[in-house]
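A.B. asks: Quick check, what structure comes out for this input:
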Amino acid sequence: MLSLRNNSSTLYSGNLRPMRLSLCILILAACDAAVACNIPVFRYALERWQADPAKIIVFHKGPLSDAETATVAQLEAASASKLSNIEIVKQQIDQTMDDSVGLLWDELSGQSDVTLPYVVVRSSVADRLINCWRGPLNQVNDAQLLQSPVRERLADRFLAGDAAVWLVVKSNDSQRNTEVLDLLNEQLTKLGATIPLPEGIGLPGSELFAGVPLLMRFSVLEIDPDDPDEAFLIHLLQGFDPEAVRRGEPLVVPVFGRGRALEVIPADQIDAGLIEDLTLFLCGPCSCQVKERNPGFDLLMSVNWDRRLFGDDDQVRPTVQPDAGTDAVKPILVEIPPGQQSDDSVPPKNAATSADDTSPTDATEPIEPTEPTGGGAADSVVTASTDDEQTDGNEVSDDGTKVSVPDTGQSLSVIIVLLVALMAAILSGRVMKR
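C.D. replies: So this is what the prediction gives:
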């Protein structure tokens, strides 16, 4: 049963301990051999991962007043326009509810401070529903659920090229705040100067589509725990480890992509090694492209990411690769780039080709698929090969006939994908038990 308290408290059933990433990162790294994508995780998430929607459930009985209808209409407009990652659910309390909403209302209905219409904001973390905020509908606008100054700065930094922004929810212990801020600034400055970009960006499957510069740049953003404009965000993050908050520990939250928080980490668990590990994960090639198999959870933000990244031209937006577990799609032939690039065409380590470049290797212009010709099979994919290799997956026997050879690479891909799914299920189960 979910524990609900007043809207100045966190709304979790027990402590949601920080999600452990070490094993998850190790497994995801194993996918690199099977998935041809060289885009860094942070950039792949920015361009290709849609933020998970939070549900805003409005409990009411009978028709809403004009003012209440206007408030709900504003939320619905933000959802419909993709300005905010929210989904609005209007629930009459005297009508049938699904199981999770019904259980939620059963607990709410017995509390004296609940007056209709009543709102609960609900998000998903590691396949577990958490209630981030609750209160009367007439308090929604003042609660700044959809946006706040810190979340606006997050969006601005990502769209300006920051790879990751490390939020620090400060505590009342000024010394601990200073220690963790100094550690983060020192390590992130060092890592930003030494981590190279993955090779192969711009090749088929690793194209960049937005004009945002690709940089190994990291920044820190402090949050005052008493800032009323950030109350919603503070209460959400502090709910992951209230015991650490009681101990006076600041909370550290690396954020990337479209506002995806990688983990909420008490400052006493942060050291140089962990900062480096998480940063290397975010900056490494996106070896597991399916969002749900990657750690983290999405913050509630008001940003039309697609429009700000790609403008109004649907032709320049990336196509997300399908999950290996879904129905297979027909592969297409792609043109192989001729030869090696000259040294002059290789981008510097801390920059990549942007949408404004016009060179033949423009990373924002994916190579167009070509139609099969002659007797080529429509379901085959041309891959790079040497003079001694066959490109159709067959070998030629001594009598000149072709002999089918099992595709060991594809088998390895399937095995690794299943392994990742298994580990994700195990990790999710451990979080839920806590």
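
A.B. asks: contacting residues for Leu309?
C.D. replies: 46-47, 159, 209-210, 212 (Cβ atoms under 8 Å, 6 or more residues apart in numbering). C-beta coordinates here come from the backbone N, C-alpha and C atoms, glycine included.

A.B. asks: again, but for Ser148
C.D. replies: 229-230, 232-233.

A.B. asks: That one and Gly161, how far apart?
C.D. replies: Distance of Ser148 to Gly161, computed by Cβ to Cβ, to the nearest Å: 22 Å.

A.B. asks: got a winner among the contacts of Ser148 for most neighbours?
C.D. replies: Ranked by neighbour count (other Cβ atoms under 10 Å), the contacts of Ser148 have Leu233 at the top, with 25 neighbours.

A.B. asks: which residues touch that one?
C.D. replies: 148, 150-151, 223, 299.

A.B. asks: Tell me the one among those nearest to Ala261.
C.D. replies: Closest approach between the contacts of Leu233 and Ala261, by Cβ to Cβ: Leu299, at 5.9 Å.

A.B. asks: Can you tell me how far the closest residue to that closest one other than its chain neighbours is from Arg122?
C.D. replies: Counting by Cβ to Cβ, 6 or more residues apart in numbering, Gly259 is the residue found nearest to Leu299 once chain neighbours are left out, at 4.2 Å. Here the criterion is Cβ to Cβ. By it, Gly259 lies 17 Å from Arg122.

A.B. asks: ditto for Ile86
C.D. replies: From Ile86 to Arg122 the distance is 10 Å (Cβ to Cβ).

A.B. asks: what touches both of these two?
C.D. replies: Shared contacts of Ile86 and Arg122, defined by Cβ under 8 Å, 6+ apart, comprise 54-56.

A.B. asks: I'd like these as a markdown table, with pLDDT, secondary structure and neighbour count appended.
C.D. replies: Formatted as a markdown table, the shared contacts of Ile86 and Arg122 follow (pLDDT from 0 to 100; DSSP: H, G, I helix; E, B strand; the rest coil; neighbours: other Cβ atoms under 10 Å):
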| residue | pLDDT | secondary structure | neighbour count |
| --- | --- | --- | --- |
| Ala54 | 96 | strand | 23 |
| Lys55 | 97 | strand | 18 |
| Ile56 | 98 | strand | 27 |
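
A.B. asks: With distance to Ser100 added, can I get these in a markdown table?
C.D. replies: A markdown table is the format used below for the shared contacts of Ile86 and Arg122 (distance: Cβ to Cβ, whole Å):
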| residue | distance to Ser100 |
| --- | --- |
| Ala54 | 14 |
| Lys55 | 10 |
| Ile56 | 14 |
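
A.B. asks: Can you mark which positions in stretch 234-244 are buried?
C.D. replies: Buried residues in stretch 234-244, counted by 16 or more other Cβ atoms under 10 Å: 234-241, 244.

A.B. asks: And for stretch 200-218?
C.D. replies: Applying 16+ other Cβ under 10 Å to stretch 200-218 flags 201-203, 206-210, 212-218 as buried.

A.B. asks: Mean confidence (pLDDT) on it, please.
C.D. replies: For stretch 200-218, mean pLDDT rounds to 93.
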